[in-house]
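# Okay, predicted coordinates and the sequence, questions at the end:
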Amino acid sequence: MKIPDEILLQVEKPARYIGGEINMVKKDTTKVDIRFAYAFPDVYEVGMSHLGSRILYELMNEREDTYCERVYSPWPDMEDIMRQKGFPLCALESGDGLAVFDFVGFTLQHEMSYTNILNLLNLSNIPIYAKDRNEADPIIIAGGPCAYNPEPLADFVDLFYIGEGEVGLNALLDLYGELKAGGANKLAALEAFAKLPGIYVPHFYDVIYKADGTIASFEPNHAAAPKTVKKLLLKSMEGASFPKKPLIPLIETVHDRISLEVFRGCMRGCRFCQAGFIYRPLREKQPEELLAQAKELTKSTGYEEISLLSLSTSDYSHFGKLMEGLIDYCDEETVNISLPSQRVDAFSPELMEKIQKNRKSSLTFAPEAGTQRMRDVINKQITEEEILEGLGRAFSGGWSKVKLYFMLGLPTETDEDVEAIAALAQKILDSFYKLPKDLRPQPPSISLSTSCFTPKPHTPFQWDAQDGRQLFMDKQRNLKGLIKDKKIKYSYHDSWQSILEGIISRGDRRLAGLIYKAWEYGARFDSWSEKLNKEAWDKALNWFSAELGLDPMDFYTYRERSFDEVLPWDFIDIGIPKGYFIKEKEKSLQAGITPNCREVCMNCGIAGFERGLCHEQ
């Protein structure tokens, strides 16, 4: 640990910066060939809760030739001192500055973390723009869900990894080891990397724009670069890497517990959900393997809670068998079980009674929309009757606290759809009071929350316009005014954040200047409502308009795209062709339903990977 005590004593939560956690990997840096700094562009408590980071940290450190170390975004109090003292950002394991590493790898979990990426590079004395870096600087690599539209960061990142890290990361490191031993320069390394599956090197592609600002062409400019980049997909979750000895943080984190990944992918096809499409097809672990992992993790960590992780846990085909085994084991070991948001139509009071036998905490459901028409538009595949029946079962079982999640601004939404959210919440509350008094030991509490819909790449709604800031606020105000009962508490997301997210999520590489200017003007931790620097972003948006002659809000968020427009992410092949998304978009306009993948195959294209549910059926 190389940070002086006089600095640590001046900051909140100094344990964020010292390393030394239980299960931390320690290697002799003189005896490894490859040094990889895994950078999470958010605060320690958030990054330490991320399962993907834990998987890749252990996967890379299992290699004898590689040392993977960690770095997180310093909180503003620490950043201020670092800049005053000229103290560079250091990796937690060795205390070395990031500039000496071979790779600095960023995980892209949220678009609003992009200014933190620039800040991490700057605090590490690494040039922010790729064009300004030389042979001595690390190779900057990025991956994760936001990498499925890598263009807004294309000017900053040397190469993007598209897909699941366990599949091709070892091959990339093997290749780099050979290139480094042979004395290859950075350009030669990038040329070699570009030939690997799932790797995108932005420098090897040219973008030409039309007079109206849309893309005229996106073409490779180097023989090593493929015209399309196909995502890397794990063949099976059985025997897949999982962190056997995960790091145990020294302070409380956002998710301070064991995360047990049940499956990847989703069979539902909700039209707003990017994760449901980019992680297709559904691939499950066997319950026996999950139980063995649960036992191993409780012994290696000492955690007293296990959380099941997936996009829709109740869709797990062996759910009953898994829960039966987990409940028996957790009762014996005095370990709690935590379930994520559940499908209300699959809610089981009997199961929840076994899980929450001592204390009935709140239940979380996501109806997403208030009217049946709107739920059909987004392909939610749940009726109001099923919602009320599911909540009725919960209330009858003794639960009185419910959290409900909805979205505002969905395509084709009307005032009636917004008002129906309040009406549905009231119907749910009324159903509680219909129970006999002896089944109502506690007063009810309904927490209703709305987020602002942001169209995402690789979804049927990727062409849609996003609501404006004022329209979002009007809808929030309208909904708030309709909620009269004090037992229903309403909260909503900042529309500012959603608009900025909308600009970046569907942006092209011209947005590098906008992100850089926002960072330069002081933007940091933009995903934290209390830290969002609206003045910095306003100045950056004005700069962009003046510099490029495009209003970024009008062009990237409020504008509806045509089906034949070249989209910045069209060259990324997720296995689902554009034609399928067009059919789904057209079906949404008729409020048509697409069955889930277990009911019938709709030939979305992902079966070409011969993986998971598609291959099994």
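Great, that's in hand.

# sec struct for residue 288, please.
helix (DSSP: H, G, I helix; E, B strand; the rest coil).

# repeat for residue 365
Strictly by three-state DSSP, residue 365 counts as strand.

# For residue 254, give me the pLDDT.
In this model, residue 254 is scored at 87, pLDDT.

# how about it, what does it touch?
Residues in contact with residue 254 (Cβ atoms under 8 Å, 6 or more residues apart in numbering) are 45-46, 49. All C-beta spots, glycine's among them, are computed from the backbone N, C-alpha and C.

# What are the structural domain limits within the protein?
The chain breaks down by automatic domain parsing into domains covering 5-230, 257-306+317-335+575-617, 341-493.

# Now do the end-to-end distance for the last one.
If I follow you right, that is domain 341-493. End-to-end distance for domain 341-493: 18 Å, by Cα to Cα, to the nearest Å.

# Then stretch 157-172?
First residue to last in stretch 157-172 (Cα to Cα) measures 16 Å.

# What residues sit buried inside that stretch?
With burial defined by 16 or more other Cβ atoms under 10 Å, the residues of stretch 157-172 counted as buried are 157-169, 172.

# Mind checking which of those are in helices?
165-169, 172 (DSSP state H).

# Tell me which residues are up against the longest helix anywhere in the chain.
Ranked by residue count under DSSP H, the longest helix found in the chain is helix 415-433. With contacts defined as Cβ under 8 Å, 6+ apart, helix 415-433 is touched by 367, 369-371, 373-374, 384, 387-388, 391-392, 395, 400, 402, 404, 406, 408, 410, 440, 444, 446, 448, 450, 475, 478-479, 482-483, 485, 487-488.

# among the residues you listed, which are in strands?
367, 402, 404, 406, 408, 446, 448, 450, 488 (DSSP state E).

# Find me the pLDDT at the residue lying closest to the third one once chain neighbours are set aside, would you?
Counting by Cβ to Cβ, 6 or more residues apart in numbering, residue 404 lies nearest to residue 448, which is 5.1 Å off, once chain neighbours are set aside. Here the pLDDT value assigned to residue 448 is 96.

# Helices of the stretch 151-300 of the chain, start to end?
Listed in chain order, the helices of the stretch 151-300 of the chain (DSSP state H, counting those that start in this stretch) span 165-181, 186-194, 274-278, 287-301.

# for the helix or strand just after the last one, packing partners?
On the C-terminal side of helix 287-301, the closest following helix or strand by DSSP states H and E is strand 305-309. Of the remaining helices and strands, those touching strand 305-309 by 3 or more Cβ pairs under 8 Å, 6 or more residues apart in numbering; DSSP states H and E are strand 258-261, helix 287-301, strand 336-338.

# picking that back up, for the buried residues of stretch 157-172, which one is nearest residue 57?
The shortest gap between residue 57 and any of the buried residues of stretch 157-172 belongs to residue 165, at 10.5 Å (Cβ to Cβ).

# got the contact list for the closest one?
By Cβ under 8 Å, 6+ apart, the neighbours of residue 165 are 52, 55-56, 59, 143.

# before we move on, the earlier item: could you redo the domains of the chain as JSON lines and give each row distance to residue 539?
Below are the domains of the chain laid out as JSON lines (distance: least, Cβ to Cβ, whole Å):
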{"stretch": "domain 5-230", "distance to residue 539": "13"}
{"stretch": "domain 257-306+317-335+575-617", "distance to residue 539": "29"}
{"stretch": "domain 341-493", "distance to residue 539": "17"}
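
# So which of these is nearest residue 516?
domain 5-230 (6.5 Å).

# mind checking the end-to-end distance for stretch 303-320?
With Cα to Cα, one end of stretch 303-320 sits 23 Å from the other.

# buried stuff in it?
Neighbour-count burial for stretch 303-320, counted by 16+ other Cβ under 10 Å, picks out 303, 306-316, 318-319.

# how far is it from where the chain is centred?
For stretch 303-320, the distance from its own C-alpha centre to the chain's C-alpha centre is 18 Å (Cα atoms, centre = their mean, to the nearest Å).

# Residue 188 and residue 179 touch, don't they?
Yes: with contact defined as Cβ atoms under 8 Å, residue 188 reaches residue 179; the gap is 6.8 Å.

# Neighbour count: these two, which is higher?
A direct count of neighbours by other Cβ atoms under 10 Å for residue 188 and residue 179 places residue 179 higher, at 17 against 12.

# So what's the residue count around the closest residue to that one other than its chain neighbours?
Closest residue to residue 179 apart from its sequence neighbours, by Cβ to Cβ, 6+ apart: residue 189 at 5.0 Å. Neighbour count of residue 189, defined by other Cβ under 10 Å: 19.

# Helices along the stretch 401-550 of the chain, start to end?
Using DSSP H, counting those that start in this stretch, helices in the stretch 401-550 of the chain cover 415-433, 469-482, 495-505, 511-520, 534-548.

# any weak-confidence spans in the protein?
1, 356-360, 617 (pLDDT under 70).

# Nearest to the middle of this structure, which residue? Look it up for me.
residue 109 (4.0 Å; Cα atoms, centre = their mean).

# which residues sit in contact with it?
42, 50, 144-146.

# quick check, it in a helix?
No: the assignment for residue 109 (three-state DSSP) gives coil, which keeps it out of a helix.

# Tell me the gap between the one helix or strand residue 115 maps to and the middle of its chain.
Secondary structure from DSSP H and E places residue 115 in helix 114-123. Averaged C-alpha coordinates place helix 114-123 at 19 Å from its chain's average position (Cα atoms, centre = their mean).

# Measure how it sits relative to helix 495-505, angle-wise.
Between helix 114-123 and helix 495-505, the angle comes out at 70 degrees (axes from the mean of the first three to the mean of the last three Cα atoms, to 10 degrees).
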